[in-house]
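K.L.:
Give me the fold of what follows.
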Amino acid sequence: MSRSTRQKIRFFLLGILLCVVARQFGDYPVRSLDTVLYGGLFISWALTVNRRILNKYTRKTLTGLVWYMLFLFVCRGCRYSFFEGDMLLSRLLWYAYYVTFLTVPLLCFFAADSLDEEGYSYRGFQTGLIAADTILCIAFITNDYHHLAFGDLGLGNMADYHSYGPLYYLAVVWIVALLLATMLRLLSRIRLWRNLSYPWLPLWVLLLFGCWFFINHLNGGRNPDIFWRHLFNLPEMFCLMIIAFWESCIQIGLVPANTDYENIIRRSGIAAVFTNDDESRYLVSENALIPEEIRVEDVAGKPRNLDKNTVLYGRTLEGGGILWTEDLSTINRYNEALTDAGEQLSEENTLLQAENEWKEQHYTLEVQNRLYDDINRLVSPQLSKIREEISFLKKEPDGPDLRPRLAVLSFLGAYVKRRANLTLISMERKDGRIPLKELLLSVRESLEYLKLTGIVTGMYETAGELYPEAGQVLLAYDFFQMITEQVLSEITALQVRLTQEKDGWRLRLVLADPKSMPSAEWKSTEVAKARGNVRIYMEDETGYAEICFRDSNHKTVKEYGAGAGAFAAESAKTAGAEERGTGL
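P.N.:
Predicted coordinates for the structure are as follows:
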């Protein structure tokens with residue numbers, strides 16, 4: 001228990017003592033002085049509750065409970081100060097006591113029931129209790145009509161001449177049941193009993209009041225004397241019991257409250273000093289090392305560095321101010337460690353960057369070497385034929401078939417060049433597609449060189465705007481080269497048709513006077529994988545060879561956009577330049 005809490009409890013006990021002393025003096029110096037003092041005591045307790053209790057609904061319920069206590073003492077003060085000679089009004093004010101006696105236990109139960117709920121609201125059961133309490137209060141106020149609470153009132157002192165009816169005993173059961181339900185509801189919130197100090201203290205308060213009330217009832221409603229003096233009446237004893245009950249619940253921790261600030265601050269890790277308006281130090285935590293000469297107004301809103309690792313802050317509060325320090329040693333240590341780590345990482349990043357650049361260059365070279373190896377493997381038959389033709393021409397440079405052989409050399413060289421070019425384009429294209437215009441330019445260049453051998457060539461195309469898959473284009477060009485190489489010495493004319501089909505495109509070769517045609521099983525696995533089909537046959541000394549591909553997802557130049565069109569135009573321009581300036 002903190003020092004301030006002990007002071008408040010001593011103040012409250014002193015207030016009770018003053019009320020008892022005032023009662024012994026009767027009406028001196030003013031009439032019903034003890035009633036006024038009790039009212040002030042209850043209000044002061046309500047003010048502390050309003051500051052301490054965390055739960056909003058519990059706080060409001062306990063404050064309302066005090067208002068009913070004040071109502072009880074107002075009724076008692078009016079009864080003995082203003083209407084003591086009026087028996088009817090005096091009796092009605094006495095009945096009104098029971099509005100507090102019946103309602104306060106109900107409010108106690110609601111306060112206990114709402115501790116775990118911030119948005120507490122009445123349910124059907126609570127509404128029924130309110131209705132029952134209202135009916136009981138009305139029944140007591142109207143006792144003169146039915147005499148179910150008190151009978152045999154007569155004309156004398158009502159406290160001495162009356163009997164108890166069934167309604168009175170029902171009220172006693174109501175009060176006891178609600179107070180026990182309140183206690184049980186509070187005890188049900190306990191999870192760890194060992195964390196509570198004096199957990200049975202609220203129950204002892206209830207038992208003490210129960211004993212006092214039992215003695216009161218045995219005396220026929222007359223309040224028992226303490227030390228041969230009449231110190232307490234039922235109203236103040238009832239109210240003090242309720243306050244003692246809830247205060248004990250707060251002190252032992254059954255009711256969450258803002259208490260024990262001094263011990264919390266002293267034992268916490270916060271280095272803080274609380275000051276009064278005159279800058280005197282009210283509360284100092286154990287680890288606060290703040291110089292005495294520093295004032296709150298000197299650092300309020302202007303933090304000051306006490307040393308490298310300590311920053312002092314200040315702020316004015318209502319009734320004083322606060323000074324606190326923030327330890328930056330851990331942050332500074334981490335910052336230094338981060339700086340060292342950053343420097344090491346910077347050096348490592350430089351090494352990693354150099355290593356990554358080397359790996360990238362190495363990978364690029366590997367890819368290029370593999371690519372060149374693949375290209376060399378693909379065109380190795382044509383390179384072998386080119387070497388053979390060159391060797392032959394070196395032996396007979398002035399032979400009669402010089403021109404046809406040079407034309408064949410150009411034809412083979414055009415394939416080597418164009419095949420490598422198509423492969424490079426397929427590697428560069430991220431979408432895996434090649435403009436069919438590239439195939440058209442490649443075939444057209446080969447046909448130009450075939451003309452030099454005396455073969456009549458022609459070409460017809462309607463699919464130059466397509467963008468098929470790269471694998472299909474490469475297979476089609478290989479197919480064209482395979483057919484023409486095998487029948488090159490036999491045919492007299494060659495027509496190439498490149499057309500767009502409904503679900504793809506087709507390359508068709510029509511050859512005049514071939515003696516035989518190659519097998520249609522050429523690269524059957526690769527063609528099938530590329531969704532293609534090869535057909536080779538002869539009719540009336542005319543050979544037909546065609547390869548067609550299905551490609552429902554092919555796009556046109558317009559669908560690719562202006563960039564694709566510019567690419568195709570640039571490719572055509574480059575091909576034209578190569579056609580005009582290429583030779584072996």
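
K.L.:
from here on, contacts and neighbour counts on C-alpha atoms
P.N.:
Will do.

K.L.:
Distance from the helix or strand hosting residue 169 to the middle of the chain?
P.N.:
In the assignment (DSSP states H and E), residue 169 maps to helix 166-187. Chain-centre distance of helix 166-187: 47 Å, with CA atoms, centre = their mean, to the nearest Å.

K.L.:
by contact count, what packs against that helix?
P.N.:
Packing partners of helix 166-187 (3 or more CA pairs under 8 Å, 6 or more residues apart in numbering; DSSP states H and E): helix 87-113.

K.L.:
what angle do the helix it packs on and helix 166-187 make?
P.N.:
20 degrees (axes from the mean of the first three to the mean of the last three CA atoms, to 10 degrees).

K.L.:
Low-confidence bits of the stretch 401-550 of the chain, can you list those?
P.N.:
401, 464 (pLDDT under 70).

K.L.:
And the strands in it?
P.N.:
Along the stretch 401-550 of the chain, the stretches classed as strands by DSSP state E, counting those that start in this stretch are 456-461, 466-467, 493-500, 504-512, 532-539, 542-550.

K.L.:
Among those, show me which one is buried the most.
P.N.:
Ranked by mean neighbour count, those are led by strand 466-467 with a mean of 23 (mean count of other CA atoms under 10 Å).

K.L.:
was I right about residue 103 contacting residue 133?
P.N.:
Yes - taking contacts as CA atoms under 8 Å, residue 103 lies within contact range of residue 133: 6.6 Å.

K.L.:
okay if I get the strands of the stretch 401-550 of the chain as JSON lines plus distance to residue 322?
P.N.:
Shown next, in JSON lines, are these (distance: least, CA to CA, whole Å):
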{"stretch": "strand 456-461", "distance to residue 322": "91"}
{"stretch": "strand 466-467", "distance to residue 322": "77"}
{"stretch": "strand 493-500", "distance to residue 322": "87"}
{"stretch": "strand 504-512", "distance to residue 322": "84"}
{"stretch": "strand 532-539", "distance to residue 322": "86"}
{"stretch": "strand 542-550", "distance to residue 322": "83"}
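
K.L.:
These: which one's closest to residue 284?
P.N.:
Distance to residue 284, taken as CA to CA, is lowest for strand 466-467 among those, at 82.3 Å.

K.L.:
which strands and helices sit next to that closest one?
P.N.:
Contacts defined by 3+ CA pairs under 8 Å, 6+ apart place strand 466-467 against helix 436-451, strand 555-556.

K.L.:
Please repeat the previous calculation with a cut-off of 7 Å.
P.N.:
strand 555-556 (3 or more CA pairs under 7 Å, 6 or more residues apart in numbering; DSSP states H and E).

K.L.:
avg pLDDT for the strand it packs on?
P.N.:
Strand 555-556 comes out with an average pLDDT of 51.

K.L.:
got it, and stretch 89-106?
P.N.:
89.

K.L.:
buried stuff in the helix holding residue 169?
P.N.:
167-168, 171, 174-175, 178-179, 181-183, 185-187 (16 or more other CA atoms under 10 Å).

K.L.:
The stretch 101-250 of the chain: helices as residue ranges?
P.N.:
124-141, 143-146, 166-187, 201-218, 234-252 (DSSP state H, counting those that start in this stretch).

K.L.:
Go through those helices and name the closest to residue 431.
P.N.:
Here helix 124-141 is closest among the helices of the stretch 101-250 of the chain (CA to CA), at 70.4 Å.

K.L.:
got the contact list for the closest one?
P.N.:
92, 95, 96, 98, 99, 102, 103, 149 (CA atoms under 7 Å, 6 or more residues apart in numbering).

K.L.:
which one of those sits closest to residue 421?
P.N.:
The nearest one, if we look at the contacts of helix 124-141 relative to residue 421 and count by CA to CA, is residue 103, at 99.6 Å.

K.L.:
residues contacting the closest one?
P.N.:
residue 133.

K.L.:
just to revisit the earlier point, with mean pLDDT and distance to residue 390 as extra columns, can I get the helices of the stretch 101-250 of the chain in a markdown table?
P.N.:
Output for these, formatted as a markdown table (pLDDT from 0 to 100; distance: least, CA to CA, whole Å):
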| stretch | mean pLDDT | distance to residue 390 |
| --- | --- | --- |
| helix 124-141 | 89 | 109 |
| helix 143-146 | 86 | 137 |
| helix 166-187 | 89 | 109 |
| helix 201-218 | 77 | 117 |
| helix 234-252 | 84 | 110 |
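
K.L.:
now, of these, which is deepest in the fold?
P.N.:
For those, the highest mean count by mean count of other CA under 10 Å goes to helix 234-252, at a mean of 19.

K.L.:
what's the angle between it and helix 87-113?
P.N.:
Using the same axes, to 10 degrees: helix 234-252 against helix 87-113 is 10 degrees.

K.L.:
now helix 234-252 and helix 201-218, what's the angle there?
P.N.:
Using the same axes, to 10 degrees: helix 234-252 against helix 201-218 is 170 degrees.

K.L.:
How far off centre is helix 234-252?
P.N.:
46 Å.

K.L.:
quick revisit: would you reformat the contacts of helix 124-141 as CSV and include distance to residue 127?
P.N.:
Output for these, formatted as CSV (distance: CA to CA, whole Å):
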residue, distance to residue 127
92, 27
95, 24
96, 22
98, 20
99, 17
102, 15
103, 13
149, 24
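
K.L.:
and which of these is nearest to residue 507?
P.N.:
Closest to residue 507, out of all of the contacts of helix 124-141 and judged by CA to CA, is residue 103, at 101.9 Å.

K.L.:
Report the separation between that closest one and residue 55.
P.N.:
Note on residue 103: its distance to residue 55, by CA to CA, to the nearest Å, is 21 Å.

K.L.:
Look up how far residue 311 lies from the closest residue to residue 288 other than its chain neighbours.
P.N.:
Nearest residue to residue 288, sequence neighbours excluded (CA to CA, 6 or more residues apart in numbering): residue 271, at 4.2 Å. Using CA to CA, we find residue 271 at a distance of 11 Å from residue 311.

K.L.:
any common contacting residues for the two?
P.N.:
Both residue 271 and residue 311 are in contact with residue 325, where contact means CA under 7 Å, 6+ apart.

K.L.:
Settle it for me: which of those two has more neighbours?
P.N.:
residue 271 (21 against 15; other CA atoms under 10 Å).

K.L.:
these two touch, right, that one and residue 285?
P.N.:
Yes - at 5.9 Å, residue 271 counts as touching residue 285 under the criterion of CA atoms under 7 Å.

K.L.:
Skipping adjacent residues, who's closest to residue 203 in space?
P.N.:
Among residues not flanking residue 203 along the chain, residue 183 sits closest, at 7.2 Å (CA to CA, 6+ apart).

K.L.:
re the thing from before, a markdown table for the buried residues of helix 166-187, including distance to residue 459?
P.N.:
Formatted as a markdown table, the buried residues of helix 166-187 follow (distance: CA to CA, whole Å):
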| residue | distance to residue 459 |
| --- | --- |
| 167 | 119 |
| 168 | 120 |
| 171 | 116 |
| 174 | 112 |
| 175 | 112 |
| 178 | 107 |
| 179 | 109 |
| 181 | 104 |
| 182 | 104 |
| 183 | 105 |
| 185 | 100 |
| 186 | 100 |
| 187 | 101 |
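
K.L.:
Now flag whichever of these is closest to residue 326.
P.N.:
Among the buried residues of helix 166-187, residue 186 lies closest to residue 326 (CA to CA), at 40.0 Å.

K.L.:
shouldn't that closest one be in contact with residue 112?
P.N.:
Yes - if you go by CA under 7 Å, residue 186 and residue 112 touch, sitting 6.0 Å apart.
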